[in-house]
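S.K.: for reference, the sequence and a predicted model appear below.
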Amino acid sequence: MTETVVVIYSGGMDSFTLLHLARARGYQVHALSFNYGQRHVRELDCARQVCADLGIPHKEIDIRAMSEVMSGSSLTSDTEVPEGHYEEDSMKSTVVPNRNMILLSLATGYAVTAGASEVWFGAHGGDHAIYPDCRPEFVEKMDAVCRVANYEPVGIEAPFIRMDKGEILAEGLKLGLDYSQTWTCYNGRDKACGRCGSCVERLEAFAANAVTDPLEYEEQV
């Protein structure tokens, strides 16, 4: 029987690549998305469409009721989204407190229910400087905990943990993926802003691979 994995699928380019990588490796994929009140909720529209097109089982969980214990981030409040590179201190305002521990815990519960052996999520090397819950030591500890938290052990996998966004994009291009099916911008407007840290990093990844990003931008820095 084909091994089943749960992929935490935001609708962004990293998790989009991860979803297809898992399928390319022969896994039966169950996609899991979360609405935690992110202003870039448009990414969930992308997730729904991709899963519908591929016929992938997809669950979307609304955890906005938890906003009181996950507050203070510019991604979930009226605070202005900072612009520029992730390395800058201002980008720390985009940290959603304990987000990945919460999401991985919920995904592990779903994995047990779905009979999946692993949960995959798209943390990558470019996130290490800003996001504590995207670092290798966090993934290692969560993997250890989730393997003993239930009668059925569930592993936590982050295949991109040592890769930057350019390298992730390169993997997706090898798979022939269409990145117009993704959304990256932290601002949920009609076009990507081109100025927030997420847009800047995405554009640099496409430039590093000498290909044009299919998304439309308000401007590009």
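M.R.: Here it is on my side, so go on.
S.K.: for whichever strand or helix holds Arg48, which helices and strands make contact with it?
M.R.: Using DSSP states H and E, the element containing Arg48 is helix 42-54. Helix 42-54 is packed against helix 13-24, strand 28-35, strand 58-62, with contacts defined by 3 or more C-beta pairs under 8 Å, 6 or more residues apart in numbering; DSSP states H and E. (C-beta placed from N, C-alpha, C; glycine too.)
S.K.: and the longest helix along the chain, how far from the chain's centre?
M.R.: When the chain is scanned for its longest helix (criterion: DSSP state H), the result is helix 99-114. Chain-centre distance of helix 99-114: 14 Å, with C-alpha atoms, centre = their mean, to the nearest Å.
S.K.: so where do the strands sit in this protein?
M.R.: Listed in chain order, the strands of the chain (DSSP state E) span 4-8, 28-35, 58-62, 118-120, 155-157.
S.K.: would you mind listing where this protein has pLDDT under the threshold?
M.R.: When residues are selected by pLDDT under 70, those of the chain lie in 1, 39-40, 69-97, 126-130, 221.
S.K.: list the contacts for Asp14?
M.R.: Applying C-beta atoms under 8 Å, 6 or more residues apart in numbering to Asp14 gives the contacts 122, 124, 160, 165, 168.
S.K.: and Leu21, what does it touch?
M.R.: So Leu21 contacts 159, 171, 175 (C-beta under 8 Å, 6+ apart).
S.K.: correction: Ala111
M.R.: By C-beta under 8 Å, 6+ apart, the residues touching Ala111 are 5-6, 117-119, 154.
S.K.: and Ile63, by the same measure?
M.R.: Per C-beta under 8 Å, 6+ apart, neighbours of Ile63: 34-36, 102, 106.
S.K.: kindly recompute the last result at 10 Å.
M.R.: 34-37, 70, 99, 102-103, 106 (C-beta atoms under 10 Å, 6 or more residues apart in numbering).
S.K.: next, work out how far apart it and Leu177 are.
M.R.: 28 Å (C-beta to C-beta, to the nearest Å).
S.K.: do the same with Tyr110
M.R.: Taken as C-beta to C-beta, the span from Tyr110 to Leu177 is 25 Å.
S.K.: got it, and Ala47?
M.R.: For Ala47 relative to Leu177 (C-beta to C-beta), the value is 14 Å.
S.K.: equivalent analysis for Gly197, please.
M.R.: With C-beta to C-beta as the criterion, Gly197 and Leu177 are 23 Å apart.
S.K.: equivalent analysis for Gln49, please.
M.R.: 14 Å.
S.K.: now, the contacts of Leu21 that are in helices?
M.R.: Cross-referencing those against helices under DSSP H gives Glu171.
S.K.: from what I see, Tyr186 and Ser10 are in contact.
M.R.: No: Tyr186 lies out of contact with Ser10 (C-beta atoms under 10 Å); the separation is 11.8 Å.
S.K.: which one's more surrounded, these two?
M.R.: Ser10 (25 against 22; other C-beta atoms under 10 Å).
S.K.: mind listing what that one touches?
M.R.: 16, 18, 31-34, 38, 40, 43-44, 46-47, 103, 121-122, 182-184.
S.K.: on that earlier part again, the more surrounded of Ala47 and Leu177?
M.R.: Ala47 (26 against 18).
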